[in-house]
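> structure, please.
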Amino acid sequence: MNSVPLINHPCTVCCRSTSMWCSRCQNAWYCTPEHLQSDWPRHRRECIPAAHAQNYNIIATPPPAEQQLIMVSAILFSPEEESSRIKCRPSQAPSQGICPQPLVSGHFQDGQAEGIVLTQGLNGEPLRFPLHLWYSPTALSRCAPINRAIYHITSGAAAKAWCGTVVVLKFNGSRRQGYSDAGSNDLPALSAYFLAYK
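Have a look, this model is predicted:
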């Protein structure tokens, strides 16, 4: 899925695509402040301030930005399935170098999810791209079914039976400031974690 595109309208003067508008009425589109100024004698007759506009200086400004979602592939371990599957999960757009908050609660029956960050893979080797594992802390207490996908990748040898849904996201680097696509190449590290967890 693509990001939400910028709003593009034709400039009132030259019909060039633009995302800037008259900040007073927010109904006329101009590609440059000069075009707004040249069209002002005509436009001022129809320029009625927008009800919510507080600043009446007439400058070509872009409309307010809409919040965008970032799509990344995640690994979904569903309790009802024998194997894991890859699924896209949205996360909020990052701001000021802070990692976006993934929207994973919809996969958990009670809407609660806790996260664990895996920084080591097989034989304790550091992971270049740490994995963010989300699970339900109440799955065992509410008798959720054993996760058959995790049971399958560990061949039933895990010391702890994992219950309920598990979602795994992959950080885009060791600084953990964003996510990248998780895939089947991350399964060995996850399998090692599920086997070692007690």
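> measure the nearest residue in space to Ala50 that is not next to it in sequence to Tyr193 for me?
Closest residue to Ala50 apart from its sequence neighbours, by Cβ to Cβ, 6 or more residues apart in numbering: Gln26 at 4.6 Å. Quick note: C-beta positions are derived from backbone N, CA and C, even for glycine. Applying Cβ to Cβ, to the nearest Å, the value for Gln26 to Tyr193 is 52 Å.
> equivalent analysis for His35, please.
From His35 to Tyr193 the distance is 59 Å (Cβ to Cβ).
> who's in contact with the closest residue to Trp29 other than its chain neighbours?
Among residues not flanking Trp29 along the chain, His9 sits closest, at 4.1 Å (Cβ to Cβ, 6+ apart). Counting by Cβ atoms under 8 Å, 6 or more residues apart in numbering, His9 touches Ser17, Thr18, Ser19, Trp21, Trp29.
> hey, what's His9 bridged with?
Beta bridges link His9 to Thr18, judged by DSSP bridges.
> separation between it and Trp40?
From His9 across to Trp40, the span is 18 Å (Cβ to Cβ).
> what of Ala113?
Ala113 is 54 Å from Trp40, by Cβ to Cβ.
> these two: which has the busier surroundings?
Ala113 (19 against 15; other Cβ atoms under 10 Å).
> hmm, that one is touching Tyr135, no?
Yes: counting by Cβ atoms under 8 Å, Tyr135 is a contact partner of Ala113 at 6.8 Å.
> so what sits against both of those two?
Val167.
> now do the SS call for the closest residue to Ile153 other than its chain neighbours.
Distance criterion Cβ to Cβ, 6+ apart; nearest residue to Ile153, sequence neighbours excluded, is Ser191 at 4.9 Å. For Ser191, the assignment made with DSSP: H, G, I helix; E, B strand; the rest coil gives helix.
> hmm, Thr154 and Ser191 touching each other?
Yes: checked against Cβ under 8 Å, the pair Ser191 and Thr154 is within contact range at 5.8 Å.
> avg pLDDT for stretch 185-196?
Mean per-residue pLDDT for stretch 185-196: 91.
> from Pro41, how far out is the residue nearest to Ala50?
Gln26 is 20 Å from Pro41, by Cβ to Cβ.
> you'd agree Gln26 is in a helix?
No: Gln26 is assigned coil when assessed by three-state DSSP, not a helix.
> which pLDDT value goes with it?
Confidence score, pLDDT, at Gln26: 81.
> what's the neighbour count on it?
17.
> quick check: it touching Ile48?
No: counting by Cβ under 8 Å, Ile48 is not a contact partner of Gln26; they are 10.0 Å apart.
> before we move on, which element is Ile150 in?
helix 148-153 (DSSP states H and E).
> per-residue confidence averaged over that helix?
The model assigns helix 148-153 a mean pLDDT of 90.
> quick one: buried residues of that helix?
Arg148, Ala149, Ile150, Tyr151, Ile153 (16 or more other Cβ atoms under 10 Å).
> I am finished for the moment; much appreciated.
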